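In: Here is my input; please provide its structure:
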Amino acid sequence: MELGINHLSDYIDGAFLKFGASLSELEEYITDCVYYSIRGVCVWPYFVKKAKAFLDKYQARFDTPNQPRLIAVHNFPHGLAGLNLASLFEFIESGVSEIDTVLNISAVKNQDYYSLLYDLNKLTEIMRTVECADGAKGLVKLIIHSNYLTDDELKTVGLLAEQCNIAYIKNSSGLIDSQPATIKELRRIRQNIPLLPVKMAGGITTLDQCLSLINNGASLLGISNFQPIMKSFYGRIEC
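Out: I've put the predicted structure just below:
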């Protein structure tokens, strides 16, 4: 397979979502995020403030022009916790520029679209007040756990997401039932939600997986262990 992509790191959101992780593990992970200049790093709410401090520290140390975006998971991983606006404002004050929030699938199944519209509109309204370092606005990605949704439900979720200015649809949290990021599921999402870019996550471990997903229309990739992939990518370019 030809690479066909100049900057793979621009497609990658690192995912530091390990249960029971230590601060030293977080610092090591953030170091790699800055070193490889990946697009963003997604963390648990507990780690937001420390992650921002480590991002600032290692951006200065490596003297890199752009800092990976700080992303916090929200309503994670089941989508049943609600808005929790207090934590959202705390995220913003701590330097978060993006939220990966989980769809309330029970609301979809029960056709409670009013609640979904209210919550998603409120989230995007608040995040769009964030001014990022590159001049962009803060944004919200919607984790939909697509394998739990029918094609008709995907279409409905897509329409709701469009109305609420959701920036990306994400297939999975990577934690619920270990839903893998497959080409088949990517195509199904894009067929039913054609107007929104898609972030794929879950079991992405090789460079060829990354390239295949991107070449089939994925706009972003959520990857926990991105370091070997980046090493493989640079090694292939040098060859």
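
In: what about the closest residue to Asp151 other than its chain neighbours, distance to Leu186?
Out: The shortest distance from Asp151 to any non-neighbouring residue, by C-beta to C-beta, 6 or more residues apart in numbering, is to Asn192 (5.3 Å). The way it works is simple: take the backbone N, C-alpha and C, and place the C-beta from them, glycine included. As judged by C-beta to C-beta, to the nearest Å, Asn192 and Leu186 stand 11 Å apart.

In: mind listing what the residue nearest to Asp151 touches?
Out: By C-beta atoms under 8 Å, 6 or more residues apart in numbering, the contact set of Asn192 is Asp151, Leu154, Lys155, Gly158.

In: Just put those residues in TSV and tack on distance to Val96 and neighbour count.
Out: Converted to TSV, the contacts of Asn192 look like this (distance: C-beta to C-beta, whole Å; neighbours: other C-beta atoms under 10 Å):
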residue	distance to Val96	neighbour count
Asp151	33	12
Leu154	28	20
Lys155	30	15
Gly158	25	21
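
In: which is the next helix or strand following whichever strand or helix holds Ser212?
Out: For Ser212, the host element (DSSP states H and E) is helix 207-215. Following helix 207-215 in sequence order, the next helix or strand is strand 220-223 (DSSP H and E).

In: Next SSE downstream of that following strand?
Out: helix 227-238.

In: Show me what counts as buried in that next one.
Out: Neighbour counts using 16 or more other C-beta atoms under 10 Å place Gln227, Ile229, Met230, Phe233 of helix 227-238 among the buried residues.

In: Averaged pLDDT, that helix. What do you get?
Out: For helix 227-238, mean pLDDT rounds to 88.

In: ok, now stretch 78-94?
Out: 86.

In: Low-confidence ranges, this protein, go.
Out: 1-6, 176-178, 238-239 (pLDDT under 70).

In: Tell me where it has helices.
Out: 23-35, 48-62, 85-93, 105-109, 113-127, 151-163, 183-192, 207-215, 227-238 (DSSP state H).

In: These into CSV, with extra columns for distance to Leu221?
Out: Shown next, in CSV, are the helices of the chain (distance: least, C-beta to C-beta, whole Å):
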stretch, distance to Leu221
helix 23-35, 14
helix 48-62, 19
helix 85-93, 22
helix 105-109, 23
helix 113-127, 21
helix 151-163, 19
helix 183-192, 11
helix 207-215, 6
helix 227-238, 9
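
In: Can you say which of the ones you listed is nearest to Val41?
Out: Closest to Val41 of those, according to C-beta to C-beta: helix 23-35, at 4.6 Å.

In: List the buried residues of that closest one.
Out: Within helix 23-35, the residues that qualify as buried are Leu26, Tyr29, Ile30, Thr31, Asp32, Cys33, Val34, counting by 16+ other C-beta under 10 Å.

In: Out of the residues you listed, the closest to Glu125 would be?
Out: For the buried residues of helix 23-35, the nearest to Glu125 is Cys33 (28.5 Å; C-beta to C-beta).

In: residue contacts, that closest one?
Out: Applying C-beta under 8 Å, 6+ apart, the residues near Cys33 are Gly14, Val41, Leu55, Pro68.

In: distance of it from Val108?
Out: Going from Cys33 to Val108 by C-beta to C-beta gives 33 Å.

In: before we move on, what about Leu26?
Out: Distance of Leu26 to Val108, given as C-beta to C-beta: 33 Å.

In: The residue nearest to Phe54 when sequence neighbours are not counted and Phe89: what is the separation?
Out: Leaving out its chain neighbours, the residue that sits closest to Phe54 by C-beta to C-beta, 6+ apart is Ile30, at 3.9 Å. Distance, Ile30 to Phe89, by C-beta to C-beta: 23 Å.

In: What of Cys164?
Out: From Cys164 to Phe89 the distance is 19 Å (C-beta to C-beta).
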